[in-house]
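**Student:** Quick one, fold the following:
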Amino acid sequence: MNVNLIVIGKLKEDYLRGACAEYIKRLGRFCTFELHELDECRLSDNPSEKEISAALKKEAGQIKKYAKGFIVPMCIEGKQLSSEELSAKISEAGVGGFSTVTFIIGSSFGLDSEIKSMGNLRLSMSKMTFPHQLARVMLLEQIYRAFQISSNGKYHK
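**Tutor:** Here you go, the predicted structure:
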């Protein structure tokens with residue numbers, strides 16, 4: 001199984017980069033993992049809806065270059081799943097003929113509707129709001145947990 005994570009923006013804090021690196025290393029036991037950090041469009045301090053929309057479209061163009069397989073855009077209106085349900089979805093994708101699962105985290109303004117419509121599963125982490133950089137760590141942990149669950153590992157209790 002191949003797992004891709006496409007993110008808009010780069011991690012700034014060392015402790016978050018360290019946490020991500022640890023989960024990426026752990027995922028190596030279960031899958032081939034690729035991280036695609038794409039540039040975030042710069043916006044004015046008080047952007048208009050038109051400016052935001054144009055930025056999301058530009059970011060969508062970058063995302064489409066790497067989005068393949070079973071596509072999972074992370075969005076607030078997405079479905080909330082338990083860890084076990086996420087594990088089952090990843091397993092089902094593999095059984096369904098997908099060799100790649102691609103998760104997508106947009107910018108602080110979200111994702112363009114075109115990217116959301118490409119998704120096989122729109123996923124939401126919570127009704128709560130998290131910083132995008134922390135969401136990356138949380139998603140990597142959940143992907144790792146999903147593989148542990150499907151392999152009956154001891155990590156998930």
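
**Student:** give me every residue that touches the closest residue to S91 other than its chain neighbours.
**Tutor:** Closest residue to S91 in three dimensions, ignoring its sequence neighbours and counting by CB to CB, 6 or more residues apart in numbering: S150, at 5.2 Å. Every residue, glycine included, has its C-beta placed from N, CA and C. Residues near S150 by CB atoms under 8 Å, 6 or more residues apart in numbering: 87-88, 90-91.

**Student:** who touches the biggest strand by length in the chain?
**Tutor:** The longest strand of the chain (DSSP state E) is strand 70-80. The contact list for strand 70-80 (CB under 8 Å, 6+ apart) reads 93, 96, 98, 100-106, 110-111, 115-116, 118-127, 135, 139.

**Student:** Mind checking what helix or strand follows that strand in sequence?
**Tutor:** Next along the chain after strand 70-80, taking DSSP states H and E as the criterion, comes helix 83-95.

**Student:** The longest strand of the chain relative to helix 83-95, how many degrees between them?
**Tutor:** If you take axes from the mean of the first three to the mean of the last three CA atoms, to 10 degrees, strand 70-80 sits at 150 degrees to helix 83-95.
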